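1. show me how the following folds:
(one chain, ligands or ions: 1)
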Amino acid sequence: MSTTQTILLTGSTGLLGKGVEETVPKGWRILGIHQRDYAVAGSRIRHLPLDIRDKSLVDKLFARRRFAAVVHAGGIASVDYVENHYAESLESNIVGTLNVSSACRRAGTHLIYVSTNAVFDGKAAPYRETAPVRPVNKYGRIKVECERLVTETNPGCTIVRPILMYGWNHVVTRPNTATWIYDKLLRGERIHMVTDVFENPLFNLQCGRAVWAAVRKKPQGVVHVAGKDKVNRWQFALKVAQVFGLDAKLVTPVKSSFFPGIAPRPRNTTLATERMRRELGVAPMTLEEGLLHMRSAMRVP
Ligand SMILES: NC(=O)c1ccc[n+]([C@@H]2O[C@H](COP(=O)([O-])OP(=O)(O)OC[C@H]3O[C@@H](n4cnc5c(N)ncnc54)[C@H](OP(=O)(O)O)[C@@H]3O)[C@@H](O)[C@H]2O)c1
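-> Numbers count the residues shown, from 1 in each chain. A predicted model of the protein is given here:
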């Protein structure tokens, strides 16, 4: 008799989803769901197009299948898109999360909700899990509401808060800081990177490992998931240039005021990672370690 257990992963085609897919432990399987109907080239898991805003579709899925845990990472996650498409983003995140969270409660399935560092205002880093939330943009406000919603509907749930993530994404999804910088520098294009926004960036495979640890250990409440190095985006770009042997002279440092049209960003949301180490058993990785891993797993264009 097979002892393989299956988790449901929403947002399976996203960057976090790819990290979870690539770190699947022995004895576990993923059913992934995402929104649009497309084939995911090179993926080893089953991805089902299913819009989580549609309660009847979510309920039907839970009526057909039982899951060992649900990792809910699906929804609109681009800070600037949310700022300019608020109503659509509310539906995607609030309605989608309510549907998934309610289905978990009724099925008695452990929920791991994926939140963000954007719940903080960036004025009191490094942030522990107990720090008060104070978002500065619409994306952060929506994620705070989602955290409240999942805690109300599933008091025993886990809330994982990853920070700025990087890694090779599925080609069908949006680029991330590392792939965007890499693609620009490879084409010899000049880029402007800000010096006044700090994070401890997270490699998506390391995030995947933390998510799997949460699936197995089911810690209750918030767990911060982040990397080891505090860097600004300019330092991030220089490290990408160094690791991939690209031209660092193409990178110009600027202040955030250089980009007046974008959503407000918290200045320093570096996350404390003690709970991640202690309860998930996952050590933070340096930016260089993550980028070297990317280099050794170079995608075929
Ligand atoms: N990326 C980061 O740097 C970062 C940092 C902190 C926290 N997070 C959090 O991590 C989670 C995952 O982020 P990500 O960067 O991996 O996301 P992403 O790359 O933008 O991908 C979003 C995923 O959600 C799916 N989705 C969107 N709307 C949906 C709907 N209505 N029904 C079903 N699926 C839907 C998308 O499917 P389609 O492709 O089919 O549209 C895609 O699979 C999010 O909760 C985000 O807030 C991300």
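2. leaving out chain neighbours, which residue sits closest to the residue positioned nearest the centre of the chain?
-> Of all residues in the chain, the one closest to the mean position by CA atoms, centre = their mean is Leu16, 4.7 Å from it. Excluding the flanking residues, the one nearest Leu16 by CB to CB, 6 or more residues apart in numbering is Ala73, at 4.8 Å. C-betas here are computed from N, CA, C, even on glycine.
3. now Gly32
-> That would be Ser12: by CB to CB, 6+ apart, it lies 2.5 Å from Gly32.
4. how many residues are close by the one you found?
-> Using other CB atoms under 10 Å, Ser12 has 26 other residues around it.
5. using the three-state scheme, assign it.
-> coil (DSSP: H, G, I helix; E, B strand; the rest coil).
6. for it, give me the pLDDT.
-> Per-residue confidence (pLDDT) for Ser12: 98.
7. please apply the same query to Asp183.
-> The model reports Asp183 with a pLDDT of 97.
8. before we move on, back to that, any residue of the helix or strand where the residue nearest to the centre of the chain lies up close to the ligand?
-> Using DSSP states H and E, Leu16 falls within helix 15-22. Yes: Helix 15-22 reaches the ligand (CB under 6 Å from any ligand atom) through Leu15, Leu16, Gly17.
9. apart from its chain neighbours, what residue comes closest to the residue in the chain that the ligand sits nearest to?
-> Closest to the ligand within the chain is Gly14: 2.5 Å, counting by CB to the nearest ligand atom. Sequence neighbours aside, Thr173 is the residue nearest to Gly14 in space, at 5.6 Å (criterion: CB to CB, 6+ apart).
10. spit out the contact partners of that neighbour.
-> Counting by CB atoms under 8 Å, 6 or more residues apart in numbering, Thr173 touches Thr13, Gly14, Leu15.
11. the second one and His72 touch, don't they?
-> Spelled out, it's Gly14. No: counting by CB atoms under 8 Å, Gly14 does not reach His72; the two are 11.7 Å apart.
12. next, Glu91: secondary structure please.
-> Assigned by three-state DSSP, the conformation of Glu91 is helix.
13. and Leu8, what are its bridge partners?
-> Beta bridges link Leu8 to Leu31, Val70 when assigned by DSSP bridges.
14. correct me, but it touches Leu31?
-> Yes: with contact defined as CB under 8 Å, Leu8 and Leu31 form a contacting pair (5.4 Å).
15. who touches both of these two?
-> Arg65, Phe67.
16. compare those two and say which one has the larger neighbour count.
-> The residue with more neighbours, out of Leu8 and Leu31, is Leu8; 27 against 19, by other CB under 10 Å.
17. where does the more buried one land on pLDDT?
-> Looking at Leu8, its pLDDT is 98.
18. list the contacts of it.
-> Taking CB under 8 Å, 6+ apart as the test, what Leu8 contacts is Ile30, Leu31, Ile33, Leu61, Arg65, Phe67, Ala69, Val70, Val71.
19. Val251: what's it in contact with?
-> By CB under 8 Å, 6+ apart, the contact set of Val251 is Ile181, Leu185, Arg190, Ile191, Met193, Trp234, Ala237, Leu238, Ala241.
20. which helix or strand contains the second one?
-> So the one you mean is Leu185. Per DSSP H and E: helix 177-186 holds Leu185.
21. that helix close to the ligand?
-> No: Helix 177-186 stays clear of the ligand (CB under 6 Å from any ligand atom), getting no nearer than 7.6 Å.
22. helices or strands up against that helix?
-> If contacts are counted by 3 or more CB pairs under 8 Å, 6 or more residues apart in numbering; DSSP states H and E, helix 177-186 sits against strand 165-166, strand 191-194, helix 233-244, helix 287-296.
23. right, so the ones you listed: which one is the most enclosed?
-> With neighbours taken as mean count of other CB atoms under 10 Å, the helices and strands packed on helix 177-186 reach their highest mean count in strand 165-166, at a mean of 26.
24. which neighbouring elements make contact with that one?
-> Strand 165-166 sits against helix 15-22, helix 177-186, strand 202-203, helix 204-217, helix 287-296, with contacts defined as 3+ CB pairs under 8 Å, 6+ apart.
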